[in-house]
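Visitor: sequence and predicted structure are below.
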Amino acid sequence: MSNIIHIDDSRVALNKVQTCFKHTGHKIHSASNWSECRALLQTITPELFIVDLIFPGFRGGSELALTLKKRYPDVPIVLYSGQSMRKLKKIAEETKVDNFVFKTTSMGRLIKTVCGYLPDPKEIAKEEAAARKAARDEKKNLSS
């Protein structure tokens, strides 16, 4: 299970993303401001950020994305916004985020984009089960 931090000042958007990702095998952690995001970062290690562009506090989500990219250079960032295609593309290039998705597109598009950056939870579960079986077999062979 991968930890995803979704930062958006809209509770509606946070709830919608939380609900839609419920069956993906990934865990969405929601933050409605930078303070909540910092608190989450104290307790979890994110594998991906979903960031809204219209965001109070910073000079918008682009500044937040730059800050996150600087602190977590190996963690993918997906901008999630209702801004125009031209503006969103420009900001994505300026901030060097990994991808962007419009809020007006289907949630399936967001899920597909995000999951493209993360390991498949089913494959991880198979690998973990195989590792546990190998450990049991080794223990069994040592005691024989």
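Guide: Done, it's in.

Visitor: same question for the host helix or strand of Lys139, mean pLDDT?
Guide: According to DSSP states H and E, Lys139 maps onto helix 121-143. Helix 121-143 carries an average pLDDT of 75.

Visitor: in it, what's buried?
Guide: Within helix 121-143, no residue is scored as buried using 16 or more other C-beta atoms under 10 Å. Heads up, the C-betas are built off the backbone N, CA and C, glycines and all.

Visitor: in stretch 114-121, what counts as buried?
Guide: For stretch 114-121, by 16+ other C-beta under 10 Å, it's 114-115, 117-118.

Visitor: can you list contacts of it?
Guide: Identification of contacts with stretch 114-121 by C-beta atoms under 8 Å, 6 or more residues apart in numbering yields 1-2, 4, 21, 24-26, 47-48, 50, 76, 78, 98-99.

Visitor: pLDDT-wise, what's the bottom of these?
Guide: Met1 (80).

Visitor: hmm, that one is touching His29, no?
Guide: No - between Met1 and His29 there is no contact under C-beta atoms under 8 Å: 11.5 Å.

Visitor: more neighbours: which of the two?
Guide: Set Met1 next to His29 and count neighbours by other C-beta atoms under 10 Å: His29 wins out with 18 against 13.

Visitor: and the more buried one, what does it touch?
Guide: 3-6, 40, 44, 46.

Visitor: restricted to helices, list the residues you listed.
Guide: Leu40 (DSSP state H).

Visitor: so what's the gap between the worst-scoring helix or strand of the chain on mean pLDDT and the chain middle?
Guide: Within the chain, no helix or strand scores below helix 121-143, which has a mean of 75 by mean pLDDT, DSSP states H and E. On the basis of C-alpha atoms, centre = their mean, to the nearest Å, helix 121-143 sits 28 Å off its chain's mean C-alpha point.

Visitor: can you check stretch 75-91 too?
Guide: 15 Å.

Visitor: same check on stretch 14-31?
Guide: 9 Å.

Visitor: show me where pLDDT drops low in this structure?
Guide: Applying pLDDT under 70 to the chain flags residues 56-60, 121, 124-128, 144.
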